[in-house]
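A.B. asks: Need a 3D model of the following:
(2 chains)
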Amino acid sequence: MARRAKLAAQGVAIGLVVLLFGLLVWKLVDDEGGALAAAVARGETPDAPDFTLERLDREGELTLSSLEGKAVVLNFWASWCLPCKEEAPFLERVWRENRDRGLVVVGVDAKDLRSDARAFMRRFGLTYPIVYDGPGPTTKRYGVTGFPETFVIDRDGRVVDVLIGGINSDEDRARLRAAVRRALRS
Amino acid sequence: MRLALFTSVVLVALAAAASGAAGPPNAADLEAELVCPVCETTLDQSDAPVAQRMKTFIRERIAAGDTEDEIKDALVAQFGPGVLATPPKSGFGLLAWLLPLGALVGGAIALGLLVRTWSRRRAPPAAETPLSPDLEQRVDEELARFES
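C.D. replies: Numbering: from 1, shown residues only, chains lettered A, B, ... in the order given. Modelled structure (predicted):
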């Protein structure tokens, strides 16, 4: 009886250790950001993860796959992020210049208050679609490690470029324009 | 006497709880119970821009007359349940409260079983065997000689 109890206790202890180790591995793997950006940096064009998120610019939701056939500039931002404020007017300009050619700029606001996000949109006169990713599950799926980050997606739904940080230098702006041209050509 | 003392203690505790519930929530308390979604420390420990905004939001909501639960619910609706420093006492979050309790009870039971097993294993003390008459006589003689 005592031997059986001892074996059972040992089994439970080993099981607990294995469980904790599994949790540690899962956490390490799950937290790994930047995978999509790394793939693009290797010259790959991975599929853009699909999502459906609540819209902030109007009622309803927006699903990325519903934009199939269009090129998309997916910009992750938050109202409290300084470089996001600096790049917002440029993104609005890119949207206005290219919307008739089949480009959609989509802003993804995350880790932010809805009211702050709406105030930001009004302040910068943003007219492109903005969706709300509250706690950031979609932000995480894209491997975003900080705000802002911008993903350029071609007409086939593949990521052709990732710009980490604000698009506020001439070099970054030229790079985004080149990526948009490439995405529109596909 | 004891019953009267117990009743008065319970009444005082209830009155204190009621007065706490009736007053406006305390911003500092809320900041200690909510987590900054970016730096993942409590708001009172964070100076991150989003934490500053959340602190302002809390003060605005308190001024507007919201209760503590309403403010927490509003923030959970925007930042998810991870914004709570302690998990909710319902649904999946309840596990975080029950598991340590379960581990404590399980540990106590395991310890009890171990102690019982050990105490059973210990051999009973050997019964005292009387000395043989010869030996007893010899001991008496030795003792008498020692004392003389």
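
A.B. asks: Could you name the helices and strands sitting against the one helix or strand residue B:98 maps to?
C.D. replies: Using DSSP states H and E, residue B:98 maps to helix B:94-121. Contact here means 3 or more CB pairs under 8 Å, 6 or more residues apart in numbering or on different chains; DSSP states H and E; on that basis helix B:94-121 packs against helix A:2-30. Bear in mind the C-beta positions are built from the backbone N, C-alpha and C, glycine included.

A.B. asks: Please look at residue B:46 and residue B:39 and confirm they touch.
C.D. replies: Yes - using CB atoms under 8 Å, residue B:46 is in contact with residue B:39, at 5.1 Å.

A.B. asks: Now the closest residue to chain A within chain B. Nearest residue, chain neighbours left out?
C.D. replies: Of the residues in chain B, the one nearest chain A is residue B:80, at a distance of 3.1 Å by CB to the nearest CB. Take residue B:80 and drop its neighbours on the chain: the residue closest to it by CB to CB, 6 or more residues apart in numbering or on different chains is residue A:135, 3.1 Å away.

A.B. asks: Ok, residue A:120 next?
C.D. replies: Nearest residue to residue A:120, sequence neighbours excluded (CB to CB, 6+ apart): residue A:79, at 4.0 Å.

A.B. asks: That neighbour belongs to a helix?
C.D. replies: No - under the criterion used here (DSSP: H, G, I helix; E, B strand; the rest coil), residue A:79 is coil, not part of a helix.

A.B. asks: How many neighbouring residues does residue A:154 have?
C.D. replies: The number of residues packed near residue A:154 is 21, by other CB atoms under 10 Å in any protein chain shown.

A.B. asks: Show the backbone phi and psi for the residue in chain A that chain B sits nearest to.
C.D. replies: The nearest approach of chain A to chain B comes at residue A:135, 3.1 Å away (CB to the nearest CB). Phi and psi for residue A:135, reported as degrees, to the nearest 10, are phi -70, psi -10.

A.B. asks: do the same with residue A:170
C.D. replies: phi -60, psi -40.

A.B. asks: Can you name the residues of chain B that neighbour chain A?
C.D. replies: Chain B comes close to chain A at residues B:37-38, B:49-50, B:52-54, B:57, B:77-80, B:82-83, B:110, B:113, B:117, B:120-121, as judged by CB under 8 Å from any CB of the partner chain.

A.B. asks: Quick check, central residue of chain B?
C.D. replies: Geometric centre of chain B, nearest residue: residue B:101, 8.1 Å, by CA atoms, centre = their mean.

A.B. asks: Okay, that one and residue B:108: tell me how far apart.
C.D. replies: According to CB to CB, to the nearest Å, residue B:101 stands 11 Å off from residue B:108.
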